[in-house]
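S.K.: need a 3D model of the sequence below.
(one chain, ligands or ions: 2)
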Amino acid sequence: MWDRLYVNARLATLEGNAPYGAIEAGALAIEGATIAYAGPQADLSEPPDGLARQVEDLEGRWMTPGLIDCHTHLVYGGDRAREFELRLEGASYEEIARAGGGIVSTVAATRAASREDLLAAARPRLHALMAEGVTTVEIKSGYGLDLENELKQLWVARRLGEELPVTVKTTFLGAHALPPEAKGDSAAYIDAVVDMMPQVKASGLADAVDAFCETIGFTPEETAKVFIAAQAQGLPVKLHADQLSDLGGAALAARFSALSADHLEYTSDEGIAAMAEAGTVAVLLPGAFYFLRETKLPPIEGFRRAGVPIALATDSNPGSAPVTSLLLMLNMAATFFRMTPEEALRGVTRHGARALGMAETHGTLSVGKAADLAVWDIDHPAELAYRIGFNPLAFAVKAGRRL
Ligand code: DI6
Ligand code: FE
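M.R.: Numbering: from 1, shown residues only. Ligands and ions are numbered 1, 2, ... in the order given. Sure, this is the predicted structure:
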């Protein structure tokens, strides 16, 4: 006997290459925290009541895998609403960063915040994501920029995953910006980040390592030092690459077999080819593209042609993407990037899982994978990308437990 069986469901399994991996007149069974059956209801061996302790009729609702937001900076102190005003008065994101605002202003607020403060600030943001069916979220550090405060942020991220029914994957982003006390000496700061790596690993608080490779961030050479230190500790890497300029970040990430390269507006053909070769996922962040009023589109057609999997995420952060709606990212990916609604949904399920190294266990409705599910009051899965500011989630299931 299965624990629960959903019948009269329409499944967007995201398996295979058929549109949405759709199964009309489907059924899905859960045993413990795992999917035990996902397929046509007609293929069940017996009437539903004989197969599960609990049977629920979904009345034709669509079921998808629980959504995955594979790139966020959800834990931080303060906000940057004043910086938003400055940008509206004409200052650019880069100018504000160079003048000591930007990321560094969030660093000051994050250092001043206690763990409790950071938890209290992050909780409603995470709740907003979860209310739209997000069951897995990646959270980066990068607003501490010293060992103590980076670990504080990572601890808060882990704690959120223990407190709430959501899987949290954590990422150490010590190489996000130069802290004020580094006084412009980026080589010395990168050495410090390299020195933090064994303690970051030993803390058990980081699942991966990220860096910001950019003219206002770190050079490819500095990024490579961070990656070498990460890999020496057995930590997988990913990269903020080619967001505002082409420094060859995508190719650099691929050279280190990165899980993902993220942003990618300025990625070249060489970068695309290197990512395809390495199996590195392209994570696109349409909310940051929108909020910074970028005009250079990421090379979507190039990724498609090369077969690079494309994931989508919120980039939720106070400066470039104060976004807490993953559904809105589906819409923006379609409107700005001309991704199809199906590509967009794959981007926050199957490919999002792959970007976090979770492809074996998450991201599709497949037997043996985690029973992380979202059930929607919609008539067609394209509605998830079509609407703006409307949440059709009926309910979500996390690890077999209905939320
Ligand atoms: N790129 C981003 O989009 C965020 N970090 C990064 O490296 C922005 C972070 C911020 O502005 O606070
Ligand atoms: Fe980011």
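S.K.: and the pLDDT for the closest residue to ligand 1 within the stretch 151-300 of the chain?
M.R.: Taking CB to the nearest ligand atom, ligand 1 has its nearest neighbour within the stretch 151-300 of the chain at Phe212, 3.7 Å off. For glycine as for every other residue, the C-beta is placed from the backbone atoms N, C-alpha and C. Per-residue pLDDT puts Phe212 at 97.
S.K.: nearest residue to Met1 other than its sequence neighbours?
M.R.: Closest residue to Met1 apart from its sequence neighbours, by CB to CB, 6 or more residues apart in numbering: Arg53 at 5.6 Å.
S.K.: residues contacting the closest residue to ligand 1 within the stretch 201-350 of the chain?
M.R.: When scored by CB to the nearest ligand atom, the stretch 201-350 of the chain has Gly319 as its residue closest to ligand 1, at 2.2 Å. Applying CB atoms under 8 Å, 6 or more residues apart in numbering to Gly319 gives the contacts Arg80, Glu83, Tyr93, Gly102, Ile103, Thr106.
S.K.: cool, and Tyr266?
M.R.: Asp242, Gln243, Leu244, Ser245, Asp246, Lys296.
S.K.: again, but for Thr324
M.R.: Contacts of Thr324 (CB under 8 Å, 6+ apart): Arg125, Ala128, Leu129, Thr314, Ser316.
S.K.: go on, Gln54?
M.R.: By CB under 8 Å, 6+ apart, the contact list for Gln54 reads Asp3, Arg4, Leu5.
S.K.: can you list the strands that the host helix or strand of the last one pairs with?
M.R.: With secondary structure defined by DSSP states H and E, Leu5 is part of strand 2-12. Based on DSSP bridges, the strands next to strand 2-12 in the sheet, each with its direction, are strand 22-31 (antiparallel), strand 52-57 (parallel), strand 62-65 (parallel).
S.K.: list the buried residues of the second one.
M.R.: In this case it means strand 52-57. Residues of strand 52-57 classed as buried: Ala52, Val55, Glu56 (neighbour count, 16 or more other CB atoms under 10 Å).
S.K.: which residues does the closest residue in space to the first one that isn't next to it in sequence bridge with?
M.R.: Using CB to CB, 6+ apart and skipping the chain neighbours, the partner closest in space to Ala52 is Leu5 (3.6 Å). According to DSSP bridges, the partner residues bridging Leu5 are Ala29, Val55.
S.K.: for Leu5, list the residues it contacts.
M.R.: By CB under 8 Å, 6+ apart, the neighbours of Leu5 are Ala27, Leu28, Ala29, Ile30, Tyr37, Pro48, Leu51, Ala52, Gln54, Val55, Glu56.
S.K.: give me every residue in the stretch 201-350 of the chain lying close to ligand 1.
M.R.: Phe212, His240, Gln243, Ala288, Asp315, Asn317, Pro318, Gly319, Ser320, Ala321 (CB under 6 Å from any ligand atom).
S.K.: how far does stretch 74-86 stretch from start to finish?
M.R.: Taking CA to CA, to the nearest Å, stretch 74-86 runs 23 Å from one end to the other.
S.K.: how about the residues of the stretch 51-200 of the chain near ligand 1?
M.R.: Residues of the stretch 51-200 of the chain lying near ligand 1 (CB under 6 Å from any ligand atom): His73, Gly102, Ile103, Thr106, His176.
S.K.: those: which two are farthest apart?
M.R.: With CB to CB as the measure, no two of those lie farther apart than His73 and Gly102, at 12.7 Å.
S.K.: when the two are compared, which one has more neighbours?
M.R.: Each of His73 and Gly102 has its neighbours counted (other CB atoms under 10 Å); His73 has more, 27 against 21.
S.K.: surely the more buried one is in contact with Ile139?
M.R.: Yes - counting by CB atoms under 8 Å, His73 touches Ile139, with 7.3 Å between them.
S.K.: quickly find the element holding Ala97.
M.R.: helix 93-98.
S.K.: tell me which strands and helices that helix is in contact with?
M.R.: helix 81-88 (3 or more CB pairs under 8 Å, 6 or more residues apart in numbering; DSSP states H and E).
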